[in-house]
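Peer 1: Just a sequence and a predicted model for now, questions to come.
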Amino acid sequence: MKNLEIPALYDIFRTCSGVSTDSRKIEKGTMFFALKGENFNGNHFAVGALEQGASYAVVDDEEVYNANGHLHQQLLLVEDVLVALQQLARYNRLQFKIPVIGLTGTNGKTTTKELITAALSAKYRVVSTLGNLNNHIGVPLTLLRIGPDTQVAVIEMGASAPGEINLLSSLVCPSFGLVTNVGKAHLLGFGSFDGVKAAKGELYDNLVAHKKIAFVNVDNPHLLDMAHKRPNLHIVPYGIKNNCVRIIKENNGSPFLKITVPNPCIEAASVGEPMEVTIQTRLIGDYNTDNVLAALCISTYFDVPTVQAVAAIEAYQPSNNRSQMTRTEHNTLIIDAYNANPTSMAASLENFRGIKAEKKVLVLGDMLELGADSLKEHSTIVELALSLNAEKVLFVGGEFKAAVAQLDKDGGFDGRRVSLFEDSVALRDWLVQNGVQGATILIKGSRGTRLERIFDVL
């Protein structure tokens with residue numbers, strides 16, 4: 001049988017209730033895509049997916065297809081399942097003449113995406129990336145959720161190597177774009193900080209090529225430089241200085257971000273709205289100011305009433321270990337442990353420095369995928385962490401262990417203040433025995449260090 005072409009596959013897709021790539025989580029009426037990975041081959045689960053209620057299964061293994069002739073009306077043969085999923089998603093996106101906002105960046109992608117979604121949802125029906133499904137599989141799954149009722153789409157795009165944003169942009173076909181920031185992350189894949197800027201800049205390149213619009217934080221010198229190097233890039237500016245933003249520090253030492261900003265509504269005076277808007281967020285960290293401003297800039301561009309946009313931003317509650325504050329029976333936890341790189345780690349530490357607390361403790365896990373720069377970057381963070389004068393500094397992982405050894409060849413570290421742990425399991429065991437009480441604790445590390453293992457003993 002000749003492999004199915006995308007337009008024909010799309011006609012079948014429109015009869016389905018959705019798509020699935022996990023044969024263990026099949027919902028009735030979905031189209032199953034038999035993806036392959038290092039340790040699995042979805043083709044082997046295609047028949048099972050149909051038996052569990054999928055209407056169709058997309059496969060690229062001719063042996064599986066030929067061996068199940070009685071299911072040929074439900075088995076759809078393509079040359080490559082992943083490519084078919086991606087091209088089907090692009091085809092679906094192009095059926096709808098709606099604003100599609102593509103966003104990427106080193107830090108803050110998911111939080112910014114959630115804030116933008118919240119603000120736009122005050123006026124529009126929005127489809128946006130669920131969680132952080134922002135890779136070559138997650139992006140297509142989001143695009144396939146766009147339907148006739150969708151008025152705006154917000155698509156998060158992640159990358160750890162050159163060319164990945166270019167690929168994802170070719171699928172998303174963004175009519176608007178946003179790079180949250182650029183920092184020292186995935187250096188193993190990008191090669192250098194310049195490599196990071198080049199990779200994230202692939203989104204700007206796509207916007208230039210198609211004469212689309214970028215929302216640019218013009219107070220960020222790296223982003224401004226990237227925009228200037230693309231003189232044909234049409235930008236809508238925002239930024240702390242650009243928007244005359246004031247960050248308000250409460251006398252009670254509240255760690256939650258609170259800002260005031262001139263009312264972005266141009267007609268504020270004539271319609272009786274206040275000339276200045278105060279936004280009390282539920283986000284920890286001044287570094288989230290840029291994320292809030294991005295959402296406010298975009299919602300203003302799309303004519304969402306300021307009062308409604310601000311209310312949506314204020315109501316947003318972070319989750320999944322991002323910029324969260326949790327009060328337990330014994331301590332106050334500031335959790336930012338979904339991921340970490342030198343840029344976000346330094347920002348978290350500097351923000352923690354400004355938080356008022358009688359007793360502070362740092363729990364810092366390794367920053368992964370830094371390649372040859374790892375020792376240098378971890379050493380810098382160790383020095384910064386020690387400058388905060390926290391009562392305890394608990395480092396987790398071999399990268400921090402190596403950095404401490406490099407910085408203290410003579411054994412001058414005070415063992416009563418600094419402790420090293422091989423992994424989060426070892427730290428958890430130590431906490432069970434020693435305990436920490438009455439402290440404000442910053443927990444920050446790369447996802448691979450699994451710092452969530454310690455939450456329940458703090």
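Peer 2: It's in.
Peer 1: where does the stretch 301-450 of the chain have low pLDDT?
Peer 2: 321, 409-416 (pLDDT under 70).
Peer 1: Who are the contact partners of Ile240?
Peer 2: With CB atoms under 8 Å, 6 or more residues apart in numbering as the criterion, the residues that contact Ile240 are 219, 247, 289-290, 293. Where C-beta positions appear, they are placed from N, C-alpha and C, glycine not excepted.
Peer 1: Please apply the same query to Leu171.
Peer 2: Taking CB under 8 Å, 6+ apart, we find Leu171 in contact with 86, 89-90, 93, 139-140, 143.
Peer 1: Of those residues, which belong to helices?
Peer 2: 86, 89-90, 93, 139-140, 143 (DSSP state H).
Peer 1: quick one: Gly435 from Asp423, how far?
Peer 2: According to CB to CB, to the nearest Å, Gly435 stands 19 Å off from Asp423.
Peer 1: which one of the two has more residues nearby?
Peer 2: The residue with more neighbours, out of Gly435 and Asp423, is Asp423; 17 against 11, by other CB atoms under 10 Å.
Peer 1: was I right about that one contacting Val396?
Peer 2: Yes - the criterion here is CB atoms under 8 Å, and Asp423 meets it with Val396 at 6.5 Å.
Peer 1: which residues do the two both contact?
Peer 2: Joint contacts of Asp423 and Val396 (CB under 8 Å, 6+ apart) are Thr449.
Peer 1: Just the buried positions in the longest helix that the chain contains, please.
Peer 2: In the chain, assigned by DSSP H, the helix with the most residues is helix 193-209. By neighbour count on 16 or more other CB atoms under 10 Å, the buried set for helix 193-209 is 193, 196-208.
Peer 1: likewise stretch 389-402?
Peer 2: 390, 392-397, 399-401.
Peer 1: Make a markdown table out of those and add distance to Tyr238.
Peer 2: Listed next are these as a markdown table, based on distance: CB to CB, whole Å:
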| residue | distance to Tyr238 |
| --- | --- |
| Ala390 | 34 |
| Lys392 | 39 |
| Val393 | 36 |
| Leu394 | 37 |
| Phe395 | 37 |
| Val396 | 36 |
| Gly397 | 36 |
| Glu399 | 35 |
| Phe400 | 36 |
| Lys401 | 41 |
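Peer 1: If we only consider those residues, which is nearest to Asp366?
Peer 2: Lowest distance from Asp366 to the buried residues of stretch 389-402 (CB to CB) belongs to Gly397, with 3.1 Å.
Peer 1: count of neighbours near the closest residue to that closest one other than its chain neighbours?
Peer 2: Distances taken as CB to CB, 6 or more residues apart in numbering put Asp366 closest to Gly397, at 3.1 Å, once the chain neighbours are dropped. Counted by other CB under 10 Å, the residues lying close to Asp366 total 23.
Peer 1: wouldn't Val19 be in contact with Leu141 here?
Peer 2: Yes - between Val19 and Leu141 there is a contact at 6.6 Å, judged by CB under 8 Å.
Peer 1: Grab the most central residue of this structure for me.
Peer 2: Thr110 (3.1 Å; CA atoms, centre = their mean).
Peer 1: SS state for it?
Peer 2: Here Thr110 is helix, with the state taken from DSSP: H, G, I helix; E, B strand; the rest coil.
Peer 1: List the contacts of it.
Peer 2: Going by CB under 8 Å, 6+ apart, the list of residues near Thr110 reads 129, 131-132, 134, 156, 320, 322, 338.
Peer 1: Out of those residues, which is nearest to Glu62?
Peer 2: For these, the nearest to Glu62 is Asn134 (32.2 Å; CB to CB).
Peer 1: shouldn't the closest one be in contact with Glu156?
Peer 2: Yes - using CB under 8 Å, Asn134 makes contact with Glu156 at a distance of 4.2 Å.
Peer 1: now, which of the ones in helices among the contacts of Leu171 sits nearest Ala347?
Peer 2: Val139 (26.5 Å).
Peer 1: Now the closest one: closest residue in space, sequence neighbours ignored.
Peer 2: In space, Val139 is closest to Leu168, 5.1 Å off (CB to CB, 6+ apart).
Peer 1: and the helix or strand hosting that neighbour, which residues are buried?
Peer 2: Secondary structure from DSSP states H and E places Leu168 in helix 164-172. The neighbour-count check on helix 164-172 (16+ other CB under 10 Å) flags 164-165, 168-169, 171-172 as buried.
Peer 1: Angles on the backbone of His44, please.
Peer 2: phi -70, psi -10 (degrees, to the nearest 10).
Peer 1: Quick check: beta-bridge partners of Thr440?
Peer 2: Taking DSSP bridges as the rule, Thr440 bridges to Thr332, Lys360.
Peer 1: Burial check on it, number of neighbours?
Peer 2: 21.
Peer 1: hmm, back to that, sheet-wise, list the partners of the helix or strand just after the helix holding Leu168 with their directions.
Peer 2: The C-terminal neighbour of helix 164-172 among helices and strands, as given by DSSP H and E, is strand 176-179. Strands that pair with strand 176-179, judged by DSSP bridges, come out as strand 100-104 (parallel), strand 213-217 (parallel).
Peer 1: Could you dump those strands into TSV with distance to Asp429 and mean pLDDT added?
Peer 2: Putting these into TSV (distance: least, CB to CB, whole Å; pLDDT from 0 to 100) gives the following:
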stretch	distance to Asp429	mean pLDDT
strand 100-104	39	97
strand 213-217	43	98
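Peer 1: I'm done for today, thanks for sticking with me.
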